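Enquirer: Sequence below, structure please.
(4 chains)
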There are 2 protein chains.
Amino acid sequence: MKRSNLQLTTECRRVSTILSRIGDKWTILVVRELGGGSKRFSEIKRGLGSISQKMLTTTLRALERDGFVNRTVFPTVPPRVDYELTPLGHDLLKPVRTLSEWALTNAERIEKAQRKFDASADRRAAA
Amino acid sequence: MKRSNLQLTTECRRVSTILSRIGDKWTILVVRELGGGSKRFSEIKRGLGSISQKMLTTTLRALERDGFVNRTVFPTVPPRVDYELTPLGHDLLKPVRTLSEWALTNAERIEKAQRKFDASADRRAAA
DNA sequence: CTGCATCCCTGTTGATACTG
DNA sequence: CAGTATCAACAGGGATGCAG
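Expert: Have a look, this model is predicted:
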């Protein structure tokens, strides 16, 4: 092993952190909404439908903090706020798409495994 | 738009579900532990250090249910249980590696964005 | 229109103790 | 050694009301 286990763990934590961000409930959906270009708050909200104001704000703030999204405030009345992916955000989309495609391709296999697992769990519970 | 929005949403949910699994606190770390080959429960636990017994069990069960991991019980005394990646599990490793590499490559950029964001947040708080 | 503050409920996580 | 059970602590997430 060339790199120490500690270093590998640190790397893994970094990866885990990013995976947690993109694996959370709304991030992917929001990023996809923005994939087509700049949108304002209420447009994103409408596009997702079921998200609460609070969670959309929270998600967008996290994305902004990570440098994936730019936030632009127009000091008009009523106020208007636009969000768009940064270059880093667009870049993130690539590996995410790879994973997404894998997920779609293999969803069937996974669901089949789940059904099988649940079936034997039921059998055991019934015994 | 060829596919209905509803269909796209369904696909997204599937992707989201899988991303949630691999984005959770321990999954990636456990999968990496098993990347090198079969290991028993306590070996994995030792390899991770900070994980609790309960969470390791939970994580392994979820991976088993999704068909990513095989669980083999040796009815010896004391008992021995081995875990190993299934072909599907190994397959999952590929897109995850892509994302991991991206994450490591761009960790610097992300952390820089975070520092910048936090700094302006502090400035605003101080005002 | 955007978004912060608050309350509250829920699921998740972890520490501890116990069993086959 | 591997796993379950229980309980306490905490974070995620939604509803509502207020503010710039």
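
Enquirer: Without its sequence neighbours, what residue ends up closest to A:Arg21?
Expert: Spatial nearest neighbour of A:Arg21, chain neighbours left out: A:Thr27 (5.9 Å); criterion: CB to CB, 6 or more residues apart in numbering or on different chains. Where C-beta positions appear, they are placed from N, C-alpha and C, glycine not excepted.

Enquirer: no wait, A:Val30
Expert: Per CB to CB, 6+ apart, closest to A:Val30 is A:Thr59, 5.3 Å.

Enquirer: so the one you found touches A:Trp26, yeah?
Expert: Yes: counting by CB atoms under 8 Å, A:Thr59 touches A:Trp26, with 4.6 Å between them.

Enquirer: neighbour-wise, which of those two wins?
Expert: Comparing A:Thr59 with A:Trp26 by other CB atoms under 10 Å in any protein chain shown, the one with more neighbours is A:Thr59, at 23 against 20.

Enquirer: what touches both of A:Thr59 and A:Trp26?
Expert: Overlap of the contact sets of A:Thr59 and A:Trp26 (by CB atoms under 8 Å, 6 or more residues apart in numbering or on different chains) consists of A:Ile51.

Enquirer: if I pick the closest residue to A:Gly23 other than its chain neighbours, what's in contact with it?
Expert: Sequence neighbours aside, B:Gly23 is the residue nearest to A:Gly23 in space, at 2.0 Å (criterion: CB to CB, 6+ apart). Contact analysis of B:Gly23 by CB under 8 Å, 6+ apart lists A:16, A:19-24.

Enquirer: Tell me which residue in chain A sits closest to chain B.
Expert: Scanning chain A for proximity to chain B using CB to the nearest CB identifies A:Gly23 as nearest, at 2.0 Å.

Enquirer: where do the strands sit along chain A?
Expert: Listed in chain order, the strands of chain A (DSSP state E) span A:39-40, A:69-74, A:80-85.

Enquirer: Strand partners (parallel or antiparallel) of the first one?
Expert: Sheet pairing here is set by DSSP bridges, and for strand A:39-40 it gives strand A:80-85 (antiparallel).

Enquirer: can you list the residues of chain A near DNA strand D?
Expert: A:24-26, A:50-55, A:78-79 (CB under 7 Å from any atom of the strand).
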